[in-house]
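Undergrad: Sequence first, predicted coordinates after that:
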Amino acid sequence: METKYIFITGGVVSGLGKGITAASLGRLLKNRGYKVVNQKLDPYINVDPGTMSPYEHGEVFVTDDGAETDLDLGHYERFTDESLTANSSITSGKIYKEVIEKERRGDYLGKTVQVIPHITDAIKEKIYSFEESGADIVITEIGGTVGDIESGPMIEAIRQIGQENEDNRCAFVHVTLLPYISGSNELKSKPTQHSVKELQSLGIKADILVARTDKPIPENIKEKIALYCNVKKENVIENSTVDNLYEIPLMLEQNGLAVAICNKLQLKNNKEKNKNWIKMVNNIKKINASNETITIGIVGKYTKLEDSYLSVAESIKHGGFANKVKVSIKYIDSEELKTRNVRGKLSKLDGVVIPGGFGNRGIYGMVLTAKYCRENKVPFLGICLGMQIAVIEFAKNVLKLRNATSEEFDKDCLNPVIHIMAEQEDIDEKGGTMRLGAYPCCLKYGSYARRIYGRNLISERHRHRYEYNNKYREKMEKAGLKIVGTSPDKTLVEMVELKDHPFYIGGQFHPEFKSRPDRPAPLFAEFVKKAYERRHR
């Protein structure tokens, strides 16, 4: 079949759940047998979010091909179970950089370079390129809120795509807000009306409205929205609050979103086939209804915004699903941890994760955390920076190496147990020294890590600049911190684990990026299992 396009825009306010709507729709259409790919257009001028603070946009999600992307791609992958690529994350910065580079090369043959057609054509090219991949349906979410000056070229580009194709090839879905006014006990449709009017002023007529609401939408309000917003009543879709994230596709199915899309795009496979997803959600409901809960701590430096560790938190929950145990997550700011209070803050936890991060802020608290978990047999999972922290702590407190740390924190330290490899030192461009994307890892025969994964060769996604210093391998291993995963040529240390500990593992990679609710990352499933066993020992 010819490729169809769905464009998802947002109105009134940000944070209404465009990303979850796009991800949920992807799952519902995949369940109907279609090959679906998701894409995010972000209006900001940064080329990608790789150099942004997590406080700006939450975590940086990494794809197999090494793209640093918006966290919505994590939602897309977890819901659709499809590995995305760099072309699924397009920013204004990426587009402008590409167009300017073409202009400098003379590709435009001396013509005046303008937003229309050059910028809009570049955006359209990124959307149309999925036709080459054989995708049946491309779901493209436009970041921000309609009316923002930054998103103008992106809105214009999708308007042009709608004009260039038959009506049954494109659908425009607008996610908006129906606020509830308690004083008058009613939902207000005026913000939605104004948002749709703004979208229409830009040349786009919404086919479907997804209305975010905390209250059921009465029929008379649906009729009013349909009349004033020029959509069919059955295409006003209620997006109500649910107990857990993975119920949202089923809620939107029940409220008619997928059927509305199938009708608009004239898709033949319009009957829902959500049996497996329903089964998974019902299992999650049973688990969440349990009175017994284990508590996992995430100790990091960006805890003031929980989205900074979104994929880690979801992966911990996935581990809970696999073990049929309810998991509560406690976020702990590593800057607040001191020698005097670390026991008090960690003693009630059943397991601890130290996730990735950059810079030396909060490192002392992380080292204290790793020491506490090592000495008290608390299940510990170190991810990227977390693995490096485990190595640093072991060097300091077991090997008694003076001033042992990472060159990231002290370039002139006496014992740089974590360092930049020599061949990387001359690369100046920001991000150029980083290992990004999927890399293979060979697991040592007989190791705990190999038993967890069930195979000797794995592939995990990376995002880091500093590596384990091979000069300290022999000392570390003799003292009990075993190297159990390396690059195929054995030059890079990928995983370490501690002898005589129920679960003390560090990985230089980010296993959270490949975890799925129905197929959790092996490390998280085993980690939660050991945390549960500790609670019941």
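TA: Alright, I've got the coordinates.

Undergrad: where along the stretch 101-250 of the chain do the strands fall?
TA: Using DSSP state E, counting those that start in this stretch, the strands of the stretch 101-250 of the chain run over 137-142, 170-177, 180-181, 186-187, 208-213, 236-240.

Undergrad: elements contacting the fourth one?
TA: I take that to be strand 186-187. Packing contacts for strand 186-187, counted by 3 or more C-beta pairs under 8 Å, 6 or more residues apart in numbering; DSSP states H and E, involve strand 180-181. Just so you know, the C-beta spots here come from the backbone N, C-alpha and C atoms, and that holds for glycine as well.

Undergrad: hmm, try it at 10 Å
TA: Counting contacts by 3 or more C-beta pairs under 10 Å, 6 or more residues apart in numbering; DSSP states H and E, strand 186-187 is packed against strand 180-181, helix 219-229.

Undergrad: Pull up the pairing partners for that strand, direction included.
TA: Partner strands and pairing direction for strand 186-187 (DSSP bridges) are strand 180-181 (antiparallel).

Undergrad: do you know which of the helices and strands packed on strand 186-187 lies nearest M154?
TA: Proximity to M154, assessed across these by C-beta to C-beta, is greatest for helix 219-229 (21.6 Å).

Undergrad: now the helices for the stretch 151-300 of the chain?
TA: Taking DSSP state H, counting those that start in this stretch to define them, one finds helices in the stretch 151-300 of the chain at 152-164, 190-201, 219-229, 248-254, 257-265, 275-288.

Undergrad: Could you export these as CSV, including mean pLDDT?
TA: What follows is the helices of the stretch 151-300 of the chain, written out as CSV (pLDDT from 0 to 100):
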stretch, mean pLDDT
helix 152-164, 97
helix 190-201, 96
helix 219-229, 95
helix 248-254, 97
helix 257-265, 97
helix 275-288, 96
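
Undergrad: Any idea which of those gets closest to R516?
TA: The nearest among the helices of the stretch 151-300 of the chain, by C-beta to C-beta, is helix 275-288 at 9.9 Å.

Undergrad: and the residue lying closest to I278 once chain neighbours are set aside, how many neighbours?
TA: With C-beta to C-beta, 6 or more residues apart in numbering as the criterion, I278 has its nearest non-adjacent residue at 6.4 Å, and that residue is L250. When neighbours are counted by other C-beta atoms under 10 Å, L250 registers 19.

Undergrad: which one in this structure is furthest away from the centre?
TA: Here the chain reaches farthest from its C-alpha mean at G110, the gap being 41.3 Å by C-alpha atoms, centre = their mean.

Undergrad: which residues does that residue contact?
TA: By C-beta atoms under 10 Å, 6 or more residues apart in numbering, G110 lies in contact with E103.

Undergrad: Is Y76 in contact with V138, as I believe?
TA: No: with contact defined as C-beta atoms under 10 Å, Y76 does not count as touching V138 (11.8 Å).

Undergrad: quick check, distance from stretch 29-49 to the centre of its chain.
TA: 12 Å (C-alpha atoms, centre = their mean, to the nearest Å).

Undergrad: Now do that stretch, average pLDDT.
TA: The average of the pLDDT scores along stretch 29-49 is 96.

Undergrad: same question, stretch 331-349
TA: The pLDDT scores in stretch 331-349 average 95.

Undergrad: And the closest residue to F409 other than its chain neighbours, how close does it get to D410?
TA: Take F409 and drop its neighbours on the chain: the residue closest to it by C-beta to C-beta, 6+ apart is N360, 4.1 Å away. Distance of N360 to D410, computed by C-beta to C-beta, to the nearest Å: 8 Å.

Undergrad: Pull the contacting residues for G320.
TA: Counted by C-beta under 10 Å, 6+ apart, G320 has contacts 284, 287-288, 290, 293-294, 296, 326-329, 520, 524-525, 528-529, 531-532.

Undergrad: One more pass at 7 Å, please.
TA: Residues counted as contacts of G320 (C-beta atoms under 7 Å, 6 or more residues apart in numbering) are 287, 326-327, 528.

Undergrad: ok, P216 - how many residues close by?
TA: 10.

Undergrad: any idea of the pLDDT on it?
TA: At P216, pLDDT is 93.

Undergrad: Quick check on A479: phi, psi?
TA: phi -80, psi -10 (degrees, to the nearest 10).

Undergrad: Over to I354?
TA: Backbone torsions for I354, taken as degrees, to the nearest 10, come to phi -110, psi 110.

Undergrad: Please give the number of neighbouring residues around it.
TA: For I354, the neighbour count with other C-beta under 10 Å is 31.

Undergrad: For it, give me its contacts.
TA: I354 neighbours (C-beta under 7 Å, 6+ apart): 299-300, 366, 369-370, 382-383, 385-386, 389.

Undergrad: cool, D333 as well?
TA: Applying C-beta under 7 Å, 6+ apart, the residues contacting D333 are T303.
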